[in-house]
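1. take this sequence and fold it.
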Amino acid sequence: MNRPLRAVFVTAVLTCLPLPACGPDFSPPEFVRRREPDDPARFLAGHLDVISPRLKTAWQVAAWRRLAGLPAGAFEAYLARPENVEDRDPWTAVNAWKEARQEILPAAGGPPISTDRYVETTLLDDEGEPYTDTIPYLNCPADAFATAKATLADRKQRFPAQVARWVVAQDAVFAACGDDEAPAVAEPEADLAAPLAADRRYQLAAASFYAGRFDEARGRFLAIAKDGSSPWSGIAPYLATRALVRQISLSPSRADPGRFKPADEELAALLADPDRAAWHEAARRLRSWVAIRSRPAERRAELGKTLSGRDLDAATVGDALQDYAYLLEHHGRTETTDPLTEWIEVFGAPSPEGAAQAVGRWRAERSLPWLVAALTLAPADGKAPADLLQAATDLTSDSPAKATASFHRARLLIAGGQSAEARGELDRLLAGDLSLGSENLAKSLRLRVAGSLDDLVADGLQQRLTYPGDEEESANEAKATRYLTGEAAFWWNTRLPLDSFGATVERVKSPEVKERVAEAAWTRALLLDDTAEAERAARTIGTAVPEIAAWAAAAPADRPSAAAWALINNPGLAPMVESGFPRGAEVEEIDSYRRNWWCAEMPSEVASDERNDDLPGLPAAPPFLSAADRAAAEREGKALEALGEGYDVIARRVLAWAKERPADPKVPEALYLASQRARYANCRQEKPNLSKATFDLLKKSYPQSEWAKVAKYWY
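-> Residues are numbered from 1 along each chain as shown. Here you go, the predicted model:
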């Protein structure tokens, strides 16, 4: 039974922090961004480009509003601020608090802080069966630490002699944020200044709340509310209700919506009290939180209507969006729904039923939102409705749906076997104004109808996306560099015959990729005993790899030893060209993560993390190849596999060189390198122990050489 990833609850319930990676990140470059636009400002200005059904709810709402003809306003202004659509990280506030309290108690670092506690909950697995799991929730949000920091700054100025005791108490409060046992907050000392004593009573209540003693916390907050002299009396009624809400949310029977009624009534009373106006905004947000759990279907309809309105309240649009997104994620469909929600439920969850519904709704309304949904969800079965394809053609170039419509019209034409017309559609689309991500997506689709090697190179090399927060050096590098996509590399390495592989070298304009393709072409030609192709690749490489230049200049009789020398000295050589980010080391350097030389087995499919699941499957081979080309590529692939792992191939060549030319002064070093570098080889599966064989021969035949003296053992 496959259980889903641990669920994520919002605010008071279940927030998961990202875990650090446990090794180097070998993820491929990002060419297409699906969860959010790669250029948000452009998107919000009405250039929707190719709209992905995987967009986060906020961006789906923005797309629907633009497609529906609604003017930009408060909603778009809200999304234009990155902090409103990015996850809030409490640790920035935590660290700021730590720095502030360190100024007061520099010798004491305070107890460790964890922002999360854990709760046992019932979840459903992929088959709908319930199971119990323990999952985290965000207990102490960023605001708690920001408030503590601001309060400390004030108390430090007003009560310098007693502020250290304030910090000790606050340390105990934050120690209660996690599941570990926390020190108790002391009752106010007799000599404590009155404002600090009021603070202490508030700290006692907060510690009870964070520790999960909700009845106690509620009682303390209600007592503070009655104390007009306390600076916390204004917020205390709200916090007392918040303790009640948290208690209900974390209780085993929290699914019972009726349990929220007392909290809702308290919040309504607070909102009706003009003396509590300063806390109305917080109370309104909490009441909305209660509503989405106590009457989710009704609340979702209310929020859908709000978010699809022409005029939105800038002060409330953010909360409305967050609650709406939560309801869409955690509550299933209902029989009656608003137009926005119906579109998101269909467009954002592709299915055969949704595709049929989208076509039906488009034919009934002839609206842009449903045209986009119908085209996006239409199956690639070669049976696309003619009226749907015609509607895509009829859109004017300034329509916000034009890029999406053109892209999916091309996709459906490819499925119907109309490759030439599809390519023309994509050529027109790419000649227009597109975001980089949509351009890459369109190129990847056009790759499927490539008509020549030039097309393969043009569409297979793409510029990666960046984020606004990327360092300038990284952003500039991304703009200047092109990367081979995983799909293009798969065709390059497994479907091109050697002469076509070599011919791509001249067509690649990116210097970095050209160099890698030339090195791969030389290695492949060398292994397949095609001297002419190896020489062609070597001319492109020039002196960039001195050992290959020496091979090219060598007499025919000297080339086998020159080839062995080149291979053992350049661990970056392989008969395949890498997709994405190249190995971190230079071609002549050992890569410490064993991305050295090559594996015997040719890839049988595109790697899962490089597959473009938004597109039809990659055809078996580039369409422009002849049957003879395909047969030659298959023969050559089998020949390369038959040679074995890269290290084995090279070690055998070094041993043969030593046998044929034992007096060659380079042989001892070559044997040394072969014996010592074995441990860094990619896919090392030595059946004959070649690293030991090279080590033994070095020690036996060249015992006085400097290389034999430094070689302590074989690998």
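2. which SSE is residue 133 in?
-> Assigned by DSSP states H and E, residue 133 belongs to strand 130-138.
3. kindly report the same for residue 634.
-> helix 627-643.
4. packing partners for that helix?
-> The contact analysis (3 or more CB pairs under 8 Å, 6 or more residues apart in numbering; DSSP states H and E) places helix 627-643 against helix 486-495, helix 498-507, helix 511-527. For every residue, glycine as well, the C-beta is placed using N, CA and C.
5. and the longest one with helix 627-643, angle?
-> Angular relation of helix 511-527 and helix 627-643 on a 0 to 180 degree scale: 80 degrees, by axes from the mean of the first three to the mean of the last three CA atoms, to 10 degrees.
6. what angle do helix 511-527 and helix 486-495 make?
-> 20 degrees.
7. buried set for helix 511-527?
-> 513-527 (16 or more other CB atoms under 10 Å).
8. go through those and say which is closest to residue 616.
-> Here the nearest of those to residue 616, counting by CB to CB, is residue 513; it sits at 25.6 Å.
9. what's near enough to touch the closest one?
-> 461, 482, 483, 484, 577 (CB atoms under 8 Å, 6 or more residues apart in numbering).
10. in what helix or strand does the last one lie?
-> Take DSSP H and E as the rule and residue 577 turns out to sit in neither a helix nor a strand.
11. wait, isn't it in contact with residue 516?
-> Yes. At 5.6 Å, residue 577 counts as touching residue 516 under the criterion of CB atoms under 8 Å.
12. and the helices in the stretch 1-150 of the chain?
-> Ranges of helices within the stretch 1-150 of the chain are 40-44, 57-67, 74-79, 90-102, 142-158, based on DSSP state H, counting those that start in this stretch.
13. just checking, what packs against the third one?
-> Taking 3+ CB pairs under 8 Å, 6+ apart as contact, the helices and strands that helix 74-79 lies on are helix 40-44, helix 57-67, helix 317-330.
14. where among these is the average confidence lowest?
-> Note on the helices and strands packed on helix 74-79: lowest mean pLDDT is at helix 317-330, with a mean of 89.
15. got the buried residues for that helix?
-> Applying 16+ other CB under 10 Å to helix 317-330 flags 317, 318, 319, 320, 321, 322, 323, 324, 325, 326, 327, 328 as buried.
16. of those residues, closest to residue 537?
-> For the buried residues of helix 317-330, the closest approach to residue 537 (CB to CB) belongs to residue 325, at 52.9 Å.
17. now do the contacts for the closest one.
-> 56, 57, 58.
18. where exactly do the helices run in the stretch 351-500 of the chain?
-> Counting by DSSP H, counting those that start in this stretch, the helices of the stretch 351-500 of the chain are 352-365, 368-377, 386-394, 402-415, 419-431, 436-447, 453-460, 472-480, 486-495, 498-507.
19. how about CSV for those, with mean neighbour count and mean pLDDT added?
-> Output for the helices of the stretch 351-500 of the chain, formatted as CSV (neighbours: other CB atoms under 10 Å; pLDDT from 0 to 100):
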stretch, mean neighbour count, mean pLDDT
helix 352-365, 16, 95
helix 368-377, 26, 97
helix 386-394, 15, 97
helix 402-415, 24, 97
helix 419-431, 17, 97
helix 436-447, 24, 97
helix 453-460, 21, 97
helix 472-480, 12, 88
helix 486-495, 23, 96
helix 498-507, 20, 96
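20. redo the ones you listed as CSV? Include distance to residue 210.
-> Shown next, in CSV, are the helices of the stretch 351-500 of the chain (distance: least, CB to CB, whole Å):
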stretch, distance to residue 210
helix 352-365, 44
helix 368-377, 45
helix 386-394, 55
helix 402-415, 47
helix 419-431, 54
helix 436-447, 42
helix 453-460, 54
helix 472-480, 39
helix 486-495, 47
helix 498-507, 62
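21. pull the distance from the helix or strand of the chain with the lowest mean pLDDT to the chain's centre.
-> Least confident element among the helices and strands of the chain, by mean pLDDT, DSSP states H and E: strand 116-124 (a mean of 79). Taking the mean of its C-alpha atoms, strand 116-124 sits 25 Å from the chain's own mean (CA atoms, centre = their mean, to the nearest Å).
22. check which helices and strands that strand is in contact with.
-> Counting contacts by 3+ CB pairs under 8 Å, 6+ apart, strand 116-124 packs against strand 130-138.
23. ranking the helices of the stretch 1-150 of the chain by burial, who's on top?
-> Across the helices of the stretch 1-150 of the chain, the average number of neighbours (mean count of other CB atoms under 10 Å) peaks for helix 57-67, which reaches a mean of 23.
24. quick one: the helices in the stretch 551-700 of the chain?
-> 559-569, 627-643, 646-660, 667-676, 690-701.
25. for residue 545, which of those helices is the nearest?
-> Comparing these by CB to CB, helix 559-569 comes nearest, at 7.1 Å.
26. state the mean pLDDT of the closest one.
-> Taken as a whole, helix 559-569 has a mean pLDDT of 98.
27. what angle separates that helix from helix 511-527?
-> Using the same axes, to 10 degrees: helix 559-569 against helix 511-527 is 130 degrees.
28. so what's residue 143 up against?
-> With CB under 8 Å, 6+ apart, residue 143 has these contacts: residue 93.
29. how far does stretch 163-170 sit from its chain's centre?
-> 41 Å.
30. in that stretch, what counts as buried?
-> Under the neighbour-count rule (16+ other CB under 10 Å), stretch 163-170 has 163, 165, 166, 167, 168, 169, 170 buried.
31. for the residues you listed, which one is nearest residue 250?
-> Ranked by distance to residue 250 (CB to CB), the buried residues of stretch 163-170 are led by residue 170 at 23.9 Å.
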